[in-house]
Each structure stands twice: as C-alpha cells, then as structure tokens.
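Asker: Provided below are the primary sequence and the corresponding predicted coordinates.
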Amino acid sequence: MTERDDRPGRAVRKAVIPAAGQGTRFLPATKAMPKEMLPVVDTPAIQYIVEEAVRAGLTDVLMITGRNKRSLEDHFDRNVELEVGLEAKGDSAKLARVQESTDLAQVHYVRQGDPKGLGHAVLVAEQHVGDEPFVVLLGDDIVDARDPLLDTMIEVRERLGGSVVAFMEVPHDQIHLYGCAVAEATDTPDVVKVSGLVEKPKTEDAPSDLAIIGRYLLDPAVFGVLHDTPPGKGGEIQLTDALQVLAQGDGPGYGVHGVVFRGRRYDTGDKLDYIKAVVRLASERADIGADLRTWLGEYVASGAGESTAADSSAS
C-alpha cells in the first residue's frame, strides 16, 4: 500500500461532480432528460461546472451518474456525424462550439446505483480519487468565471491543509435551506476556522448565517470518516456529518476551513432561481445581452404579466 502524502501543499488536480439525482423539482422536463442537461441560455448547466473546474486547473473530472444519465456522457463525447456536417457547411463557429465540450477535460463516469446522499456519492469516487485531495462541485450552483472561488479554496488548502468549504452569507430566514457553519474568524479576511456544521437547521437553532454552497475541497481523510458515518438527516449519508468529524478531530487530513464567497453565484436549484440565472447570464452576453435588456425594460414598464399574476393569486 502506498504511504499517504499529507503535505498541505499537495497539488489538487481532480474534480468530482455528483450528478445522480432525479431532478424531481423540474418534472416533467426531467422525465427523460437529466436536470444537469437543462440549458442555461444555450449551454447545459453541467458544462458550466466542468468549465469552472478546468479554469482552476482540475482537468481530471469524475461524474457520479445514475440511470437515465447517458446524455451527460454523449455531451462530452465526439459527435462525428454532426461535426462532419458542420465542417461540410463551412460553419466553423458552430463546429468550434460543438467540439468545445469534448476538449474541455478528461471526463470519467461511475454510477452511484441507489442515491443515498451526498456523502455516499463522494464515497463512490474513492477508488478514482485515491489518496489525493479533490474538489466536489455541485451542479445547482454556477459560479461566475470572473470570481475564481476554487482558486481561493486551493490556496487556503495549500497554506492550512485539511478540507475547505465554500460559504455565503444568507438572510437568517433562509438558513434552514442550507447546511450551516459554526465558525470563527481568522487573520485572513473571508477565511474562517470551522468547528461545527449543521445540516439544514431550524431557523431559531442556526449557529450563524454562513450557508454552505456547492463547493468542497476535501482531504482524502474524508473517505475513512464517511465509511463510519451512519445515515443522518433524511435517512441519507450526509457529507456535512463527515465534515463535522473532520472539523472537531485531530490527525492527518483533519481540520476544516471555510472561504466566505462574495462573488456572483447563479442558483439553478429550483424553477424560479433557474429562470433568474438564465436571465442574468443572458443579459450579460455580447451577442444577445443588449437586446434582452432593452426588451426586459419595455416588458416591465408595460406592466405585462401583472394581470396574469393577479388572476393566479385570486384563484
């Protein structure tokens, strides 16, 4: 057995993307199409996540998939017939867009089987990850390319070791929707030392307004802890419970820090936030942004949609 390397500065090169969920909040669209393939303007949500990993130097990507997720593999694979057709037409711009996803990274796939929670999904990645630190990216959160969150998390790991979790401050009445941190400030702005984590606490019991968002940089010590983690909230193996052990324990790979993210994040986790994400990203694009912003202003000024909303509330 290879001796484990516990150096804090060991390079992070692998990313794990759990994508085995059924996406029930987006039914009926997700009856036959994975939620991760829903387009954000003209790019599937999952591609934004892979692009973020690649920008941070993580070119070895493992997707944790499940049944009915074959289109994820197809998207990051070659489509020779389509490419030949576009090349024959001389449509180099579309050809480049099609090939972009294929050339992004080395993408691997493994099935989770029965989804038993995020902690279980991370355990499925153990054989691929081995004894290396790795990043977990959840597909419901798209982080703007102009705000390099992963770079900051990797820098914190290089200095302090252990695991690193991304947080955002949220209104107190929304903290029950998230995992929540017990944390104290460090000498570095927006970097905290985590001493505890609570999965979706009651609002009155929440220890802070620091909510976990879908980015984790995990030391491989997490695997040993997850093997001993019983099912928690919702009857699932919770990654939050394992991180709680790492935060409070002592030993190689233990210790948890947090990065408080204050950049641009687009939530695609439910229907309304998904629509907001599409509008925000589309409005900033060079090709359609100006026309969309003009139309949105005219649409809002006209009062369109108000009568429909009033009729819906009355019914």
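Answerer: Happy to help now that I have it.

Asker: please tell me the pLDDT value assigned to residue 302.
Answerer: Per-residue confidence (pLDDT) for residue 302: 89.

Asker: now do residue 287
Answerer: At residue 287, the model reports a pLDDT of 94.

Asker: what about it, how many residues close to it?
Answerer: By the criterion of other C-beta atoms under 10 Å, residue 287 has 10 neighbours. Any C-beta I mention is one placed from the backbone N, CA and C, and that applies to glycine too.

Asker: what's near enough to touch it?
Answerer: Listed by C-beta atoms under 8 Å, 6 or more residues apart in numbering, residue 287 has no contact partners.

Asker: same check, this time on residue 280
Answerer: By C-beta under 8 Å, 6+ apart, the contact set of residue 280 is residue 266.

Asker: and what about it, helix, strand or coil?
Answerer: Look at residue 280: counting by DSSP: H, G, I helix; E, B strand; the rest coil, its state is helix.

Asker: ok, what's across the strand from residue 111?
Answerer: Assessed by DSSP bridges, residue 111 has beta-bridge partners residue 65.

Asker: phi and psi next, for residue 132.
Answerer: In terms of degrees, to the nearest 10, the main-chain angles of residue 132 are phi -100, psi 150.

Asker: hmm, it is touching residue 13, no?
Answerer: Yes: with contacts counted by C-beta atoms under 8 Å, residue 132 reaches residue 13, the gap being 7.1 Å.

Asker: neighbour-wise, which of those two wins?
Answerer: More crowded of residue 132 and residue 13, by other C-beta under 10 Å: residue 132, with 17 against 14.

Asker: contacting residues around that one?
Answerer: Contacts of residue 132 by C-beta under 8 Å, 6+ apart are 10, 12, 13, 14, 220.

Asker: check contacts around residue 65.
Answerer: Here residue 65 is in contact with 19, 20, 72, 73, 109, 110, 111, 112 (C-beta under 8 Å, 6+ apart).

Asker: state the distance from it to residue 226.
Answerer: 19 Å (C-beta to C-beta, to the nearest Å).

Asker: how about residue 231, nearest residue that isn't a chain neighbour?
Answerer: Excluding its sequence neighbours, the residue lying closest to residue 231 (C-beta to C-beta, 6 or more residues apart in numbering) is residue 237, at 5.8 Å.

Asker: surely the one you found and residue 225 touch.
Answerer: No: between residue 237 and residue 225 there is no contact under C-beta under 8 Å: 10.7 Å.

Asker: helix, strand or coil: sort out residue 212 for me.
Answerer: strand.

Asker: that one contacts residue 183, doesn't it?
Answerer: No: taking contacts as C-beta under 8 Å, residue 212 lies outside contact range of residue 183: 11.0 Å.
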